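J.: kindly generate the corresponding structure for this input.
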Amino acid sequence: MKIPSLAQLKKELSYLNEKELIDLVTDLSKFSRDNKSYLFFKLNEKDNPTLYLEMVQEELELDFQTARGDHSYYAKKSAQKLRRKMNKLLKLSKVKTDQIEVLLFFCEKLKEYGFLRHRNQVLDNIYQMQLGKAVKLISGLHEDLQFDYEGRIDDLTG
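T.: The predicted structure follows:
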């Protein structure tokens, strides 16, 4: 089975009426939790632009509270699990500042909950990679916004 290109799909969608589009989007949201989350954030983005950030931070905070960081092995496994979840959540927003905020939040929580005290190479790499992603995203922003994030980056690197 050959999957059509995005342009072909757009062309076919343009022929549908409003009710058919609503039914199609509803069916699509039933396929996965990610589709449903993406649709929810897109529909509510205009009314509450910080909704995505608040919900992601709240979800990650709860996961950090339940994560085991008492032993190096468990801290590593928990951090990997949290990173996978964070990366999945990052795909739901195309807003660079929101992505930066989530990445910095993740790094701050790794430090706060003591995951880095184990001196585990994997944990250090996870931390450095996420911090590097944040720095790369920040470098693409306007100079004023870059300056706003410099203090947080300095706190995390120092």
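J.: what's the closest non-adjacent residue to the residue positioned nearest the centre of the chain?
T.: For the chain, the residue sitting closest to the mean C-alpha position, by C-alpha atoms, centre = their mean, is Leu90 at 2.1 Å. Distances taken as C-beta to C-beta, 6 or more residues apart in numbering put Gln99 closest to Leu90, at 5.5 Å, once the chain neighbours are dropped. In short, each C-beta sits where N, CA and C put it, glycine included.
J.: cool, Ile153 as well?
T.: In space, and not counting its chain neighbours, Ile153 is closest to Val135: 6.3 Å by C-beta to C-beta, 6+ apart.
J.: pull the residues that contact the helix or strand hosting the one you found.
T.: Assessed by DSSP states H and E, Val135 sits inside helix 121-139. When contacts are taken as C-beta atoms under 8 Å, 6 or more residues apart in numbering, the neighbours of helix 121-139 outside the stretch itself are 72, 75-76, 79-80, 83, 86, 96, 99-100, 103-104, 106-107, 110-111, 115-116, 145-146, 149, 153, 156-157.
J.: after the one helix or strand in the chain whose mean pLDDT sits lowest, next one along is what?
T.: For the chain, scoring each helix and strand by mean pLDDT, DSSP states H and E identifies helix 33-44 as the least confident one, at a mean of 84. Counting by DSSP H and E, the element after helix 33-44 in chain order, helix or strand, is helix 51-66.
J.: buried sites along that following helix?
T.: For helix 51-66, the neighbour count (16 or more other C-beta atoms under 10 Å) marks 52-53, 55-57, 60, 64 as buried.
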